[in-house]
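Asker: build me a structure from this.
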Amino acid sequence: MSDHWTRRHVLSFLAGLPAAWQARLGRLAPADYRTRIEADAVVAAMGAPVSAAHIGTWYLEIEPEEADVTTLVRALVGPAQERPRTMGRHHLESMVREDFARGDTVAIGGWILARSEARACALAALLRKG
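Answerer: Here you go, the predicted structure:
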């Protein structure tokens with residue numbers, strides 16, 4: 001077998017991507033696909049998902065009612081009709097600044113974090129659990 005990819009190999013690979021994405025998302029209802037994609041975008045905007053997940057675990061110990069991906073996405077990104085097209089680092093940083101300005105903070109492990117930052121970390125923790 002050759003290591004050379006033919007056009008047929010590339011097209012076969014590309015044709016399999018939707019199935020791979022479907023498997024990654026599991027058996028989510030269609031409405032949940034967008035929530036999962038947005039959750040992944042929030043975690044990607046953080047830059048250090050493993051460290052964030054540890055902090056998120058601590059946050060969920062003090063706020064167990066928020067231990068739900070959909071709840072956290074709604075809290076971070078807003079209602080579906082008001083959500084930005086993408087959740088990037090700049091959007092998350094803006095939310096953190098706004099939280100500090102309002103005094104919406106939480107103490108975790110001796111650190112003072114913006115609530116939106118703690119929620120993003122909690123989202124990382126939930127996604128790591130699977």
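Asker: list the contacts for residue 60?
Answerer: Residue 60 makes contact with 66-67, 122, 125-126, according to C-beta atoms under 8 Å, 6 or more residues apart in numbering. Every residue, glycine included, has its C-beta placed from N, CA and C.
Asker: make it 7 Å
Answerer: 66-67, 122, 125 (C-beta atoms under 7 Å, 6 or more residues apart in numbering).
Asker: now, the most widely separated pair of these?
Answerer: Using C-beta to C-beta, the pair of those lying farthest apart is 66 and 125, separated by 10.7 Å.
Asker: tell me which of these two has more neighbours.
Answerer: residue 125 (21 against 18; other C-beta atoms under 10 Å).
Asker: name the nearest residue to the more buried one, ignoring sequence neighbours.
Answerer: residue 56 (3.3 Å; C-beta to C-beta, 6 or more residues apart in numbering).
Asker: can you pull out the helices in the protein?
Answerer: With DSSP state H as the criterion, the chain has helices at 7-25, 30-46, 49-62, 69-77, 89-102, 115-129.
Asker: and the third one, what's buried?
Answerer: For helix 49-62, the buried set under the neighbour-count rule, 16 or more other C-beta atoms under 10 Å, comprises 49, 52-53, 55-60.
Asker: which of those residues sits closest to residue 116?
Answerer: residue 59 (11.2 Å).
Asker: show the pLDDT at the closest one.
Answerer: For residue 59, the pLDDT comes out at 96.
Asker: how much space separates it from residue 34?
Answerer: 24 Å (C-beta to C-beta, to the nearest Å).
Asker: likewise residue 77?
Answerer: 10 Å.
Asker: between those two, which has more neighbouring residues?
Answerer: The neighbour count for residue 77 versus residue 34, taken as other C-beta under 10 Å, is higher for residue 77 (22 against 14).
Asker: thought that one was touching residue 38?
Answerer: Yes - look at residue 77 against residue 38 with C-beta atoms under 7 Å: they come within range, at 5.5 Å.
Asker: so how far is the first residue of stretch 110-117 from its last?
Answerer: One end of stretch 110-117 sits 15 Å from the other (C-alpha to C-alpha, to the nearest Å).
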